[in-house]
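> turn this into a structure:
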Amino acid sequence: MALTPPPDLLSRARAWLAEDPDPDTRSELAELLARAECGDCGDTACSEEGARAWSALSERFAEPLRFGTAGLRGALGAGPNRMNRCVVIRTAAGLAAFLKDRAARRSEDGSPAPLVVIGYDARHKSRDFAEDTAGVLTAAGLRAALLPEPLPTPVLAFAVRHLGAAAGVAITASHNPARDNGYKVYLGASPDAPEGPDAPDDPGAGAQLVPPADEEIAARVAKIGPLAGVPRAESGWEVLDGSLLAAYLERAVGVVDPATPRDLAVVYTPLHGVGRGTFAAAFKRAGFPAPTVVTEQAEPDPDFPTTPFPNPEERGAMALAFRTASAIGPDIVIANDPDADRCAVAVPDRTSREGWRMLRGDEVGALLAAHLVHKRVSGTFATSIVSSSVLGRIADSAGLPYAETLTGFKWLTRVPGLRYAYEEALGYCVDPDGVRDKDGITAALLVAELAAVLKESGRTLQDLLDDLALSYGLHATDQLAVRVEDPKQLAAAMDRLREQPPKVLAGLRVESAEDLAEGVPAPPSAAGSAPLPPTEGLRYRLSDPAQESRAIESARVIVRPSGTEPKLKCYLEVVLPVPSSDMLAPARASAAATLAALRHDLAAAAGLPPERA
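You can find the predicted model right below:
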């Protein structure tokens, strides 16, 4: 039987087609419409093709993209549920209206128009989206300034604070696949923040959006009518020169001590992203030897030809880096994701097939924390509830305040008095006064300094990890991440866990089950934390009923849908005391076995086949 899309869907698609300024997405949508309309001709093959076109149109026009953990992010293509020039233009118009209303709360006659800095990566359409944003903001009477070329997202975040901008926009999908792009918004100082030389720093100045600002922008975007009614300038915005990048680099190298050792051999990959130039310049300015760059992944390429998922955490993404490292024998391997806000580190490992082991984000987070404690920094250490609890023990031992937040640096960087923050997904904020976000360049500098200091004394990053396990207990973490095609599968898994909560996981008793959608009380161990707002997720705390057998001190599981990708993510941690160095290997073996069992049992509890885990 022939399938014909509902008339209102067709009319909405035709209206979108009529106003779409992009010939690529216009052509794509026109083809979809033609296939959908052809599906009613009676031919079986035509009907099947029409049904597929109908399904594609329905999905693209079901609902608009919404701000998530990192602003807008989605697949490129036509329709309100895709990233395209129509969506970007309307979003920019809503942002302009929000910023003008925000400025009116403080501005006086004659004050300059608010400045918005716009950065972009090397993905498909990124430059177009950046220029569309600049054109809309300029026509709305704001000052827009584009970064001079595709640059790391941390450079944009730095620019917001450095230039005193009212906002910043980063066009990037970070580590997502090639089909995606995104629109991340940062805000400058609040109009309600006190002014003057003695005024305290606004912790939100230069940070990503949080409620209610994201909701207020979304409400203004929803009011934007036809695209023809959105004024767009063809010119009139500023293009920043190289002095901004120079200022960022000058600030970045300040995270390392000029008197510390610099003897370190590094293999580096930008994973086809925009990090190479900034990374190399930062290492040179800081006095480190030039890294060996993975040739096949050195240049920006929006198709990411060597890795379908350009995220260092994904299986196989580091294969070329490990092959290069095996050939030359460096001290460490460092990778940035495509927009260089994340930093991955690998160390030699004779037991691994590749000869290298990727450190988990929690391991790097603990190493950097220990290094900063050794450097005698002051201020609050913070991490998110999905990351390891070891940071709290390190901070407590050093007499430093500690805080926990919801997932995302938009929350972490708002912690008052923040000095250091990390998240298990390879994100580290080591200079919050310079970049109020994760920064893969400054994190790499600090990792390199630590590795060089250890190397001079004949030690390695792994040796320091052993020391931390002896001092604070072995905090072993793992993740179960299941990618889905249909977002409804995420809701179904969460519903199943709520309706049939597990009582035992990996032989460990579920002592408590918290529904994070009901809000999260501040943990007693995190004196710097406030109660957390509701978020979609579940947290289980586990205990070992036969503690003597495995000596597991505690365990924890958090389940949540990803805010940036169609994934169900489960964060696992087991903690084991390690009374002596000869107990390290048995403890790690026990932890690995327990984590593997947790992965298996949790997949079953969520209704996911074990082979997909």
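
> in the chain, where's the longest helix?
helix 584-605 (DSSP state H).

> helices of the stretch 501-613 of the chain, start to end?
With helices called from DSSP state H, counting those that start in this stretch, the stretch 501-613 of the chain shows them at 547-550, 584-605.

> model confidence over the first one, on average?
Same thing as helix 547-550. Helix 547-550 comes out with an average pLDDT of 54.

> swap in the last one?
Per-residue confidence for helix 584-605 averages out to 94 on the pLDDT scale.

> and the longest helix of the chain, what does it pack onto?
helix 461-472, strand 474-483, strand 504-505, strand 554-561, strand 567-576 (3 or more Cβ pairs under 8 Å, 6 or more residues apart in numbering; DSSP states H and E). Just so you know, the C-beta spots here come from the backbone N, C-alpha and C atoms, and that holds for glycine as well.

> out of the helices of the stretch 501-613 of the chain, which comes closest to residue 377?
With Cβ to Cβ as the criterion, residue 377 lies closest to helix 584-605 of the helices of the stretch 501-613 of the chain, at 27.9 Å.

> with just CA atoms, put that closest one into PDB.
Below are the C-alpha coordinates for helix 584-605, written out as PDB (Å, rounded to 0.1, in the frame of the first residue of the first chain):
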ATOM      1  CA  LEU A 584      48.600  -3.600  44.000                       C
ATOM      2  CA  ALA A 585      48.400  -6.300  41.300                       C
ATOM      3  CA  PRO A 586      45.900  -8.500  43.200                       C
ATOM      4  CA  ALA A 587      43.800  -5.400  43.900                       C
ATOM      5  CA  ARG A 588      43.800  -4.400  40.200                       C
ATOM      6  CA  ALA A 589      42.900  -7.900  39.200                       C
ATOM      7  CA  SER A 590      40.000  -8.000  41.600                       C
ATOM      8  CA  ALA A 591      38.800  -4.500  40.600                       C
ATOM      9  CA  ALA A 592      38.900  -5.500  36.900                       C
ATOM     10  CA  ALA A 593      36.900  -8.600  37.500                       C
ATOM     11  CA  THR A 594      34.300  -6.700  39.500                       C
ATOM     12  CA  LEU A 595      34.000  -4.000  36.900                       C
ATOM     13  CA  ALA A 596      33.500  -6.600  34.100                       C
ATOM     14  CA  ALA A 597      30.800  -8.200  36.100                       C
ATOM     15  CA  LEU A 598      29.200  -4.900  36.700                       C
ATOM     16  CA  ARG A 599      29.100  -4.100  33.000                       C
ATOM     17  CA  HIS A 600      27.500  -7.500  32.300                       C
ATOM     18  CA  ASP A 601      24.900  -7.300  35.000                       C
ATOM     19  CA  LEU A 602      24.000  -3.700  34.400                       C
ATOM     20  CA  ALA A 603      23.500  -4.300  30.700                       C
ATOM     21  CA  ALA A 604      21.100  -7.100  31.600                       C
ATOM     22  CA  ALA A 605      19.300  -4.900  34.100                       C
END
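
> chain center to it: distance?
Here the centre of helix 584-605 is set off from its chain's centre by 26 Å, with Cα atoms, centre = their mean, to the nearest Å.

> contact partners of that helix?
466, 469-470, 474, 476-478, 480, 482, 496-497, 500, 502, 504-508, 550-552, 555, 557, 559, 570, 572, 574, 576, 578, 609-610, 612-613 (Cβ atoms under 8 Å, 6 or more residues apart in numbering).

> in it, what's buried?
By 16 or more other Cβ atoms under 10 Å, the buried positions in helix 584-605 come out as 584, 587-588, 590-591, 594-595, 598-599, 601-603, 605.

> tell me the angle of that helix relative to strand 474-483?
Relative orientation of helix 584-605 and strand 474-483, computed by axes from the mean of the first three to the mean of the last three Cα atoms, to 10 degrees: 30 degrees.

> now do helix 584-605 against strand 554-561, angle only.
40 degrees.

> could you report the separation of residue 462 from residue 367?
10 Å (Cβ to Cβ, to the nearest Å).

> ok, residue 20 next?
On the measure of Cβ to Cβ, residue 20 and residue 367 end up 49 Å apart.

> how far off centre is stretch 244-252?
That offset, for stretch 244-252, works out to 22 Å (Cα atoms, centre = their mean).
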